[in-house]
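The following comprises the amino acid sequence and a computationally predicted model.
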Amino acid sequence: MKKISTIFYSFVFATILFACQYQSPKVGQYHSIDAESFKIVVRNQNVQVLDVRTDGEYIKGHIPSAVNIDINEQNFNNRCRKVFDTHYPIAVYCHSGKRSHIAAGILVDMGYEVYELEGGVLGWTGDVDTGVN
């Protein structure tokens, strides 16, 4: 049963990746996707999830498995390099989409494939953790 579930989610993930964008992003671009598509992307075990809000916002509630690195920190780039593997995509979000838009551009320039939650967690309807990772 677990194998069927893994195959199913892999198929759905691949379908979303190709369906969300009518073309592949060019250098310096990223995938900006709606909340339903983002839910599917973050369920993939190979996707790294990044919350770029402040610590206080993160503690109030975050998407499960998200790592918190505040986009406003001076060492944002260095922390991302230490925490995230460039061989796997990053799903990034913030509160309303403004900070994640900036972070997505930075991450693409650093060599990551990036999926950004359009409109931030304001539109998120999935699970939320209230503990700190």
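Alright, I've got the coordinates. Residues are numbered from 1 along each chain as shown.

can you list the weak-confidence ranges in the chain?
Applying pLDDT under 70 to the chain flags residues 1-28, 132-133.

ok but Cys80 is inside a helix, no?
Yes: checked against DSSP: H, G, I helix; E, B strand; the rest coil, Cys80 lies within a helix.

burial of it, as a residue count?
23 (other C-beta atoms under 10 Å). Backbone N, C-alpha and C define where each C-beta goes, glycine included.

ok now do His95, which residues does it touch?
His95 makes contacts with 53, 57, 120-122, as judged by C-beta atoms under 8 Å, 6 or more residues apart in numbering.

Quick check: phi and psi on Val114?
Torsion angles at Val114 (phi, psi; degrees, to the nearest 10) stand at phi -130, psi 140.

any idea how far Thr125 is from the residue most central in space within the chain?
For the chain, the residue nearest the mean C-alpha position is Ala91 (1.3 Å; C-alpha atoms, centre = their mean). In this view, Ala91 and Thr125 are 16 Å apart by C-beta to C-beta, to the nearest Å.

ranges for the strands of this protein?
31-33, 48-51, 67-68, 90-93, 114-117 (DSSP state E).

chain center to the last one: distance?
When distances are taken as C-alpha atoms, centre = their mean, to the nearest Å, strand 114-117 is centred 5 Å away from the chain's centroid.
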